[in-house]
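Asker: what's the 3D shape of this:
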Amino acid sequence: MSRSSRTRRLSAGLAVAALAFTTAGAATAAQAAPFAPSTSTTAAAEPGVLMNYVVNTKATKPHVKKVEKAVKAAGGTVVSSYDQLGVVIAQSTNPDFRTDVRKGRDGREVQSVGATRTAAVSEGPVGTAKKAAAKGLNAGEATVVPDPDETKQWDMVQIKADQAHKITDGSKRVLVGVTDSGVDDTHPDLKPNFDAKNSVNCTGNGVPDRTVGGWRPTTSSHGTHVAGTIAAARNGVGIVGVAPGVKIASVKVVNDDGFIYPEYAICGFVWAAEHHMDVTNHSYYIDPWQFWCDDDGDQGAVQEAVRRAMNYQTKKGVLSVAAAGNSNYDLSNKTTDTSSPNDSTAVTRDIDNKCLDIPTELPGVITVASTTQAGVKSSFSNFGLRSIDVAAPGSSILSTLPGGGYGTMSGTSMASPHVAGVAALMKSAHPWWGPRDLEKALQRQADDTACPTTPDARCTGTTAKNAFYGEGIADALDAVKRFW
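Answerer: Purely as a prediction, here's the structure:
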């Protein structure tokens, strides 16, 4: 099954459209490529090539300041600094930057340094990136009046969201970050729940851009579709999301070419943490490596920087939910990768389980597999015993599209926002719960789902917990009960 190169880049959870248009989210089996533990294939930058780097140090302001000086001494520019992480994003045309930044007294503070991509920076030097122009402009049993297309949403029935809505649609005090390709906040089903104040565009070298409308999509419908599944409003129009009463914000981390580079993702994690989001959805993998291996210099440094950012987000009270990926790949038994890096020339490499699909395999992240209308594993969904936390509908999901439209997409990208919506309902019912409480409850409340009756050797484990469904299919009804 052929896929465009742009489709392959967007995410581990990207979707297949069931309409006559091309989406940025095609489910693809070519998304399983980590790095050979003993071999580095990252090409050295030619003189004059502009590259971005993560530079890690101790998470204190004095240490970060010294590293900033080391960056400048090595001919680099500081793009962003995160004292709370001990991470500096740098930019340089110096082909020896990795070595030179470690020189001198200040360079001694560098713990690790790595390029964030294998191709030159496409958005240009920091400060020159084009800004996106603005485009267009309940507790208790209740009687629920369906929206026009709600009867087409079989996915809401599978996770019992239709029953949960008789108790509550969620609280407007709960904020969900749609970390994706941008959200069309002018869509009639999204506008009522959209929070522009806490939305941002991180695709300019990972620098937060608050330009009005910069959070909207420019080349991809993916983020708008994800947003509708989470929180399309109950307003007599179109469809209804899993948590139609909560607020959503757009954290744009996908550039116009479909890439999510590490500096974009780190920007998004810190933004969500510092803007009091309760849940974030991540229907992507970080480019250009499908799997980041810690025994490679560049990849190891990036893996560490992203891990710190995710930990910071969690400590600030944000639960992260992520797509498992669309490669039909066993995340618990990694062996080879043939599709990375996806921003230059892919190589075939041997990998192991120390190579991580990030962010979905980071600690504290809820990893979501995909199911069909029949309640079985979607053919494209990644799997793995102890790698999958829960499952949710992801095949042929009806949701919102830019410009006021609706359409179906498939992928673990579509499964993940169902769980993010369930978590938002759960947070609404239990506002005092933190990320760890939500994580435990999502797993405990999920409906146990057995392996296929026709034996499938890949589905290891028990009915209570297995490689295809993890703890089971997410349950929105249990999520809104204060006692169970």
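Asker: how about residue 265, secondary structure?
Answerer: Secondary structure, DSSP: H, G, I helix; E, B strand; the rest coil: residue 265 is helix.
Asker: Once you drop chain neighbours, what's closest to the most centrally placed residue in the chain?
Answerer: Nearest residue to the geometric centre of the chain (C-alpha atoms, centre = their mean): residue 282, 1.8 Å. Spatially, and ignoring its direct neighbours in sequence, residue 282 is nearest to residue 322 (4.1 Å; C-beta to C-beta, 6 or more residues apart in numbering). Using the backbone N, CA and C atoms, a C-beta is placed for each residue, glycine as well.
Asker: Looking at strand pairing, list the partners for that neighbour.
Answerer: Residues in a beta bridge with residue 322, per DSSP bridges, are residue 282, residue 367.
Asker: State the number of residues packed around it.
Answerer: 32 (other C-beta atoms under 10 Å).
Asker: same thing with residue 274?
Answerer: Neighbour count for residue 274, taken as other C-beta under 10 Å: 15.
Asker: Return the distance of it relative to residue 200.
Answerer: 11 Å (C-beta to C-beta, to the nearest Å).
Asker: Spit out the contact partners of the residue nearest to the centre of the chain.
Answerer: Taking C-beta atoms under 8 Å, 6 or more residues apart in numbering, we find residue 282 in contact with 179, 320-323, 359-360, 365, 416.
Asker: Could you dump those into JSON lines with pLDDT added?
Answerer: Formatted as JSON lines, the contacts of residue 282 follow (pLDDT from 0 to 100):
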{"residue": "179", "pLDDT": "98"}
{"residue": "320", "pLDDT": "98"}
{"residue": "321", "pLDDT": "98"}
{"residue": "322", "pLDDT": "98"}
{"residue": "323", "pLDDT": "98"}
{"residue": "359", "pLDDT": "97"}
{"residue": "360", "pLDDT": "98"}
{"residue": "365", "pLDDT": "98"}
{"residue": "416", "pLDDT": "98"}
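Asker: I'd like those residues as CSV, with distance to residue 222 appended.
Answerer: Below are the contacts of residue 282 laid out as CSV (distance: C-beta to C-beta, whole Å):
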residue, distance to residue 222
179, 11
320, 18
321, 16
322, 14
323, 11
359, 16
360, 16
365, 19
416, 12
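Asker: what about residue 454, how many neighbours?
Answerer: For residue 454, the count of nearby residues is 5 (other C-beta under 10 Å).
Asker: ditto for residue 154
Answerer: Neighbour tally, residue 154, other C-beta under 10 Å: 15.
Asker: what's near enough to touch it?
Answerer: 373, 393.
Asker: Residue 435 touches residue 317, doesn't it?
Answerer: Yes. Counting by C-beta atoms under 8 Å, residue 435 touches residue 317, with 6.5 Å between them.
Asker: which of those two has more neighbours?
Answerer: Between residue 435 and residue 317, residue 435 has the larger neighbour count (other C-beta under 10 Å), namely 22 against 16.
Asker: gap between the closest residue to the more buried one other than its chain neighbours and residue 157?
Answerer: Leaving aside its chain neighbours, residue 435 sits nearest to residue 319 (4.2 Å; criterion: C-beta to C-beta, 6+ apart). For residue 319, the distance to residue 157 (C-beta to C-beta) stands at 24 Å.
Asker: and if you look at residue 146?
Answerer: Distance, residue 146 to residue 157, by C-beta to C-beta: 12 Å.
Asker: With residue 182 instead?
Answerer: Taking C-beta to C-beta, one finds residue 182 at 29 Å from residue 157.
Asker: more neighbours, the two?
Answerer: Each of residue 182 and residue 157 has its neighbours counted (other C-beta under 10 Å); residue 182 has more, 30 against 14.
Asker: ok, the closest residue to residue 385 other than its chain neighbours - contacts?
Answerer: With sequence-adjacent residues excluded and distances taken as C-beta to C-beta, 6+ apart, residue 385 is closest to residue 467, at 4.2 Å. For residue 467, the contact set (C-beta under 8 Å, 6+ apart) comprises 330, 332, 383-385, 387-388, 451, 458-461.
Asker: Of those, which is the nearest to residue 105?
Answerer: Lowest distance from residue 105 to the contacts of residue 467 (C-beta to C-beta) belongs to residue 387, with 43.4 Å.
Asker: Backbone dihedrals for the closest one, both of them.
Answerer: Dihedral pair for residue 387: phi -100, psi -40, per degrees, to the nearest 10.
Asker: Could you check stretch 192-200 and say which residues are buried?
Answerer: Buried residues in stretch 192-200, counted by 16 or more other C-beta atoms under 10 Å: 192-195, 198-200.
Asker: and what of stretch 103-122?
Answerer: Using 16+ other C-beta under 10 Å as the test for burial, stretch 103-122 gives 106-107, 109-110, 112-122.
Asker: next one: stretch 457-475
Answerer: 458-461, 465-475.
Asker: Same check on stretch 398-411?
Answerer: For stretch 398-411, burial by neighbour count (16+ other C-beta under 10 Å) applies to 398-402, 404, 406-411.
Asker: Cheers, nothing more for now.
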